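Chemist: Give me the fold of what follows.
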Amino acid sequence: MNLTLHSRIEKFSTIVKFAKITNDQNQVCDLEVEISSLQKRLADVKKDFQTLYIVGNGGSASVAAHAVTDFFNVAKIRAITLHESSLLTCMANDFGYENAVARMLTQLLNSGDMLIVISSSGNSMNMRNAAVVASEKGAYVVTLTGFSADNPLRYLGHMNIWLDSDDYGFVEVGHQFILHNLADRFNKMLIA
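Modeler: From the prediction side, this is the model:
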């Protein structure tokens, strides 16, 4: 593996450029059209005083926390992540880690809210269960995954963004880049 910065920049650029977006029917959609559509949905979340939840485990939790800050501060959207340690460990202890986030969402989500679920591998039961509960509650679900093209989380969202890489660094930074781009678009709208 070539770890020179130049080669990694080229590789990362290719991974993000060829991100695949599928809908809830597993149909491949145009990247820019769908990102623009997602921006409009986020604008509706803001306009309708709904809530954007962004969740992940491990490194993806860090991506989620950063994205929440950007959407809250820059886009002025009510954005929340569910990683408060005492609540998360309570839910994990009482209901099993695989149900921790789903359990919180059961009590918090309203129809019309949005959930962005981030998982590099797409295999986390905790994140998969969160996506299922959110759909059942009438929220719009967006998944961000990488690794295997047929990872299970990739089939659970209304919009599914997949990066063709099994490198955690590329996938996590790629997810952050995509989410940051969405927040930046709001900033441009607010300034205009």
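Chemist: What's the first helix or strand after the helix or strand residue 118 falls within?
Modeler: Following DSSP states H and E, one finds residue 118 within strand 114-119. Of the helices and strands lying after strand 114-119 in sequence (DSSP H and E), the nearest is helix 125-136.
Chemist: Which neighbouring elements make contact with that next one?
Modeler: strand 52-56, helix 100-108, strand 114-119, strand 140-145 (3 or more CB pairs under 8 Å, 6 or more residues apart in numbering; DSSP states H and E). Every C-beta, even on glycine, is put in place using the N, C-alpha and C of the backbone.
Chemist: Can I get the longest one in CSV? Just the C-alpha atoms.
Modeler: By that I understand helix 100-108. Taking Å, rounded to 0.1, in the frame of the first residue of the first chain, the C-alpha atoms of helix 100-108 are listed here in CSV:
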residue,chain,number,x,y,z
ALA,A,100,-29.2,1.3,22.6
VAL,A,101,-29.7,4.0,19.9
ALA,A,102,-33.0,2.5,18.6
ARG,A,103,-34.4,2.6,22.2
MET,A,104,-33.6,6.3,22.5
LEU,A,105,-35.0,7.0,19.0
THR,A,106,-38.2,5.2,20.0
GLN,A,107,-38.8,7.9,22.6
LEU,A,108,-37.4,10.9,20.7
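Chemist: That helix versus strand 114-119: what angle between them?
Modeler: 180 degrees (axes from the mean of the first three to the mean of the last three CA atoms, to 10 degrees).
Chemist: residues making contact with helix 100-108?
Modeler: Contact with helix 100-108 is made by 51, 53, 55, 80, 82, 87-88, 91-92, 94-95, 115, 126-127, 129-130, 132-134, 137, 139, as judged by CB atoms under 8 Å, 6 or more residues apart in numbering.
Chemist: Recalculate using a threshold of 6 Å.
Modeler: Residues outside helix 100-108 that contact it (CB atoms under 6 Å, 6 or more residues apart in numbering) are 55, 82, 88, 91-92, 95, 126, 129-130, 133-134.
Chemist: got the buried residues for it?
Modeler: Within helix 100-108, the residues scored as buried using 16 or more other CB atoms under 10 Å are 100-105.
Chemist: Let me see the mean pLDDT of the helix of greatest length in the chain.
Modeler: Of all the segments of type helix in the chain, defined by DSSP state H, the longest one is helix 168-191. On average, the pLDDT along helix 168-191 is 89.
Chemist: likewise stretch 119-133?
Modeler: Mean pLDDT, stretch 119-133: 98.
Chemist: What of stretch 31-51?
Modeler: 95.
Chemist: Looking at the contacts of helix 100-108, which is nearest residue 147?
Modeler: residue 126 (16.3 Å; CB to CB).
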